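>>> Structural data only, the sequence is not supplied:
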């Protein structure tokens, strides 16, 4: 299992007139979570795209809104890999309020595309090599 | 059953460097779909909040990304109510490409809050009265 | 002179907790205005990028916020070309409330890049040919 | 004079298909800059709104795009107050690339509204007291 945490402050432009983080903005939190998780593994998504020619489109997302996130709150994005990825990589996310309560749960599934052939491929070896000892 | 369709053009600011609609921007398409569906029922979400004191927070969302939406594409947001809402209202969405192909499926579940008491309530009668003949 | 008008409804996700359109979202209104203005001229920005290999980066923007735009308001984006573009194209924008009052003024200046050479070029002839009779 | 710097990473969802930070997303960088500058002064914008009943709507913004910001780049938002604010507060911003080059300049002017009376007021004394020794 791989767990990573990253903090982010909620901005005015990310709230809506209900006074909370807009329900559509959690996807950006998940993006931040998985990109920083990949950086913590010892590589970057930017490197994957630019140097390895592999991109990761999203295939599915699920969100459960338990409690709202508020303006200026310093939330924690917890990102969890429960299994070593194969054809699909599945990120589990928990958003924690500044008081440490889980206020949102999400799952994002992505696959891998070889940008030269535009064909689907398995998880690149350079990525699994960095994390396989954790599973 | 209630089905409503609304067209929207994909803007540059809504794409990302993959050249497609960013995966986090489908939530806004769903918002447009359900708000325009409510308008087609003969009322508005703005009226519900401002005049009836009822707001509709999102409790869950599911997205399945079948094919990308492209810059300047005139997509169709299809919004479907399969059941008369009770404590929860469940909108099913299909996003259609300009060629008429379903490229995305989503489900958004919302509940109702009385803004004075901040308590959860059932679907307001003025809303069910407008649509119950359809089910 | 070239004047074009396009209507857009303000969405929940575009408001902030002040209850108004977020000050950073006017740039998207200007994008919509200029893209629809170019479509009204008889071509598209998408065609310019994909077929003619010319893109238009923004070089400067000015915004004056006169009154707020509200949730669900059907605003009008007025786009004005005062002069035939040469090395720079300058779009003047006025945002009108649903009551027809000017609530925002903006100016966006863009230039032209040949995407093959990555060099700056003058306004493409196929574009000026479509609008020169108006000036 | 008051100068403050804050770092932010550019996210995928903030880029567009040109491969750069979307031109409309600089306003959010300015918001982050001024909110973190106010925090560095020893108060918060959230406190101003919630406890002091004062909000700060934007009256004008100017942007000069010198060079693009790229995906995953760790940019610096430099925020400068050149004068002690009176009826208007004027934030000057410079965005620096990860190589330390100024790639964008912006100015945002805001005023102060007493949220109870909805009337315009001068800069609150509790704010000027915190910064007047700097000018």
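Okay, I see it. The shown structure was predicted, so the numbers you read here are calculated from the model rather than taken from an experiment.
>>> Output the contacting helices and strands for the lengthiest strand in chain A.
Determined from DSSP state E, the single longest strand within chain A is strand A:102-114. Using 3 or more Cβ pairs under 8 Å, 6 or more residues apart in numbering or on different chains; DSSP states H and E, the elements in contact with strand A:102-114 are helix A:26-41, strand A:54-55, strand A:58-65, strand A:88-96, strand A:119-121. Using the backbone N, CA and C atoms, a C-beta is placed for each residue, glycine as well.
>>> now what about the worst-scoring helix or strand of chain A on mean pLDDT, what contacts it?
Of all helical and strand segments in chain A, the minimum by mean pLDDT, DSSP states H and E falls on helix A:125-131, at a mean of 93. Residues from elsewhere that reach helix A:125-131 (Cβ atoms under 8 Å, 6 or more residues apart in numbering or on different chains): A:2, A:38, A:41-43, A:48, A:52, A:81, A:84-85.
>>> okay if I get the helices and strands packed on strand A:102-114 as JSON lines plus mean pLDDT and mean neighbour count?
Listed next are the helices and strands packed on strand A:102-114 as JSON lines, based on pLDDT from 0 to 100; neighbours: other Cβ atoms under 10 Å in any protein chain shown:
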{"stretch": "helix A:26-41", "mean pLDDT": "97", "mean neighbour count": "22"}
{"stretch": "strand A:54-55", "mean pLDDT": "96", "mean neighbour count": "18"}
{"stretch": "strand A:58-65", "mean pLDDT": "98", "mean neighbour count": "20"}
{"stretch": "strand A:88-96", "mean pLDDT": "98", "mean neighbour count": "20"}
{"stretch": "strand A:119-121", "mean pLDDT": "97", "mean neighbour count": "11"}
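>>> quick one: which of those is nearest chain D?
helix A:26-41 (4.9 Å; Cβ to the nearest Cβ).
>>> Helix, strand, or coil at the residue lying farthest from the centre of chain A?
Centroid-distance maximum for chain A: residue A:17 at 26.2 Å, with Cα atoms, centre = their mean. Under DSSP: H, G, I helix; E, B strand; the rest coil, residue A:17 falls in the coil class.
>>> what's the nearest residue to residue A:69 if we skip its chain neighbours?
residue A:21 (4.0 Å; Cβ to Cβ, 6 or more residues apart in numbering or on different chains).
>>> In contact with the one you found, which residues are there?
A:10, A:14-15, A:68-70.
>>> which pair in these spans the largest distance?
The largest separation in those, counting by Cβ to Cβ, is between A:14 and A:68 at 12.0 Å.
>>> Comparing those two, which shows the higher neighbour count?
residue A:14 (23 against 17; other Cβ atoms under 10 Å in any protein chain shown).
>>> residues in contact with residue A:55?
Residue A:55 neighbours (Cβ under 8 Å, 6+ apart): A:48-49, A:112-113, A:115, B:18.
>>> Mind doing that once more with 6 Å?
A:49, A:113, A:115 (Cβ atoms under 6 Å, 6 or more residues apart in numbering or on different chains).
>>> try residue A:89
Neighbours of residue A:89 in contact, by Cβ under 6 Å, 6+ apart: residue A:110.
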